[in-house]
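Student: okay, sequence plus prediction incoming.
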Amino acid sequence: MAFPYMEAVVGFMILMYIFETYLDLRQHAALKLPTLPKTLEGLISQEKFEKSRAYSLDKSHFHFVHEFVTILMDSAILFFGVLPWFWKRSGDFLVYMGLNAENEIVHTLAFLAGVMFWSQITDLPFSLYSTFVIEARHGFNKQTIWLFIRDMIKGIILAIIIGPPIVAAIIVIVQKGGPYLAIYLWGFMLVLSLVMMTVYPVLIAPLFNKFTPLPDGELRLKIEDLASSLKFPLKKLFVVDGSTRSSHSNAYMYGFFKNKRIVLYDTLIQQCKNVEEVVAVIAHELGHWKLNHTMYSFIAVQILTFLQFGGYTLVRNSKDLFQSFGFDTQPVLIGLIIFQHTVIPLQHLVSFGLNLVSRSFEFQADAFAKKLGYASPLRAGLVKLQEENLSAMNTDPWYSAYHYSHPPLIERLAAIDEPDKKED
């Protein structure tokens, strides 16, 4: 008797849903606490705390509903054989249109078109409610419904343009890869990721946001001086109009080798009116570069990608695996989808491990900014961003350990203060 792979996958999905719901309930209880953590008393006003609490609880309630609907749909799709049914229907549609359903590339693209259409329909109510109810209720949403629709249409068009060549290439590689399939797939994905890292900020991101050079002034001068002192090859310094969609704030860097760029959200500049606070945030980001965190993360992702493709090559010809999910053929894309479902347990462990590493990197970047003399403005900047973004003030330790890639604010402040206490 063949092993019941599909039943095992659905069972584990449900177990993980129960476990993560338990963590969500712990976090929900923490969010309901009526007082600030002692570390934040005197730093964040009671008014902001109450607003943060209301915002976090709204998001928590929404999350419970969203996750419940998601696990119901995902389990039903697998358990009732919706995937093989839809694969066959997409082939029937191709025949009806006079196309060759035996061509796996064409068949796969028809299948993905239907999946994308279904995803848009099922995700749209949640996206609309999150954006125009929760985010709007708490003063964050700046989008009009037209801008929302326009962004969605742009995303669909980009998927239609970019997706087919990538899908076709993956299918050809799998069909002709032979014993070196894992290496070929990994090499293709490596090149693709490098291309996308180059193309996205230059060609794709500007389709959704406006990037303008940071105006001359004290802020630009201090960031350029800081970059120069660290020998960071800063070529361009942009401000992005994040405020057209949300009042949340952020900053990031991108670029290869000697062509680095820094992008500040206009909301970050508006919220941190003290120039030193913005520079301290950039010092933290430059700490990630100086300490090679980006390189280490990239290498880790490449190793994990190669291991995943290696695992896929071991199971892609397993008829029992495909049959367990209701397939009498072994399409490349379906094999990848099934494999992703079968390694869910490992993915959760890997995700937890990566979060641990990421939190360690955040502490190191904070320490780097402190060594540059930005301890006080970094502290103030982190508090200001926590306050203005209405981020959760109270967090459950189990929940944050499992989910957060960044340490909670109180842990970061304690880490920034600790060296001072030792020196005193």
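Tutor: Nice, thanks for sending it over. Computed from a predicted structure; not experimentally measured.
Student: in contact with Arg53, which residues?
Tutor: Arg53 sits next to 31-32, 393 when contact means CB atoms under 8 Å, 6 or more residues apart in numbering. C-beta: built from backbone N, CA, C; applies to glycine.
Student: can we see that at 7 Å?
Tutor: Residues near Arg53 by CB atoms under 7 Å, 6 or more residues apart in numbering: Leu31.
Student: what's the answer for the one 3 residues further on, then?
Tutor: Contacts of Ser56 were listed using CB under 7 Å, 6+ apart, and they are 31, 392.
Student: go with 8 Å
Tutor: Ser56 makes contact with 31, 390-392 under the criterion CB under 8 Å, 6+ apart.
Student: can you check Cys272 too?
Tutor: Cys272 makes contact with 249, 278, 281, 381, 384-385 under the criterion CB under 8 Å, 6+ apart.
Student: try it again with 10 Å
Tutor: By CB atoms under 10 Å, 6 or more residues apart in numbering, the residues touching Cys272 are 219, 249, 251, 264, 278-281, 377, 380-382, 384-385, 388.
Student: how much space separates it from Ile282?
Tutor: Using CB to CB, to the nearest Å, one gets 11 Å for the distance from Cys272 to Ile282.
Student: can you give me the strands in this structure?
Tutor: Using DSSP state E, the strands of the chain run over residues 211-213, 234-240, 251-254, 260-265.
Student: pLDDT and distance to His61 for the contacts of Ser56 - can I get that in JSON lines?
Tutor: Formatted as JSON lines, the contacts of Ser56 follow (pLDDT from 0 to 100; distance: CB to CB, whole Å):
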{"residue": "Leu31", "pLDDT": "95", "distance to His61": "10"}
{"residue": "Leu390", "pLDDT": "87", "distance to His61": "15"}
{"residue": "Ser391", "pLDDT": "89", "distance to His61": "17"}
{"residue": "Ala392", "pLDDT": "90", "distance to His61": "14"}
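Student: Ala168: neighbour count?
Tutor: The number of residues packed near Ala168 is 15, by other CB atoms under 10 Å.
Student: and it, what pLDDT?
Tutor: pLDDT recorded at Ala168 is 95.
Student: touching, Ser229 and Gly373? I think so.
Tutor: No: Ser229 is beyond contact range of Gly373, at 11.0 Å (criterion: CB atoms under 10 Å).
Student: contacts for stretch 131-150, please.
Tutor: Outside stretch 131-150, the residues that touch it by CB under 10 Å, 6+ apart are 51-52, 54-56, 58-59, 61-62, 124, 127-130, 151, 207-208, 241-248, 267, 389-390.
Student: and the residues you listed, which are buried?
Tutor: Among the contacts of stretch 131-150, the ones that count as buried by 16 or more other CB atoms under 10 Å are 52, 55-56, 58-59, 130, 208, 242, 245-248, 267, 389-390.
Student: closest one of those to Phe306?
Tutor: Phe306 lies nearest to Phe208 out of those, by CB to CB, at 31.6 Å.
Student: per-residue confidence for that closest one?
Tutor: Looking at Phe208, its pLDDT is 88.
Student: hang on, the earlier thing: helices - which of the contacts of Cys272 land there?
Tutor: Using DSSP state H, 219, 278-281, 377, 380-382, 384-385, 388 are the members of the contacts of Cys272 that sit in helices.
Student: which parts of the longest helix seen in the chain are buried?
Tutor: Secondary structure of the chain per DSSP H: the longest helix is helix 46-79. Neighbour-count burial for helix 46-79 flags 48-49, 52-53, 55-56, 58-60, 66, 71, 74-75, 78 (criterion: 16+ other CB under 10 Å).
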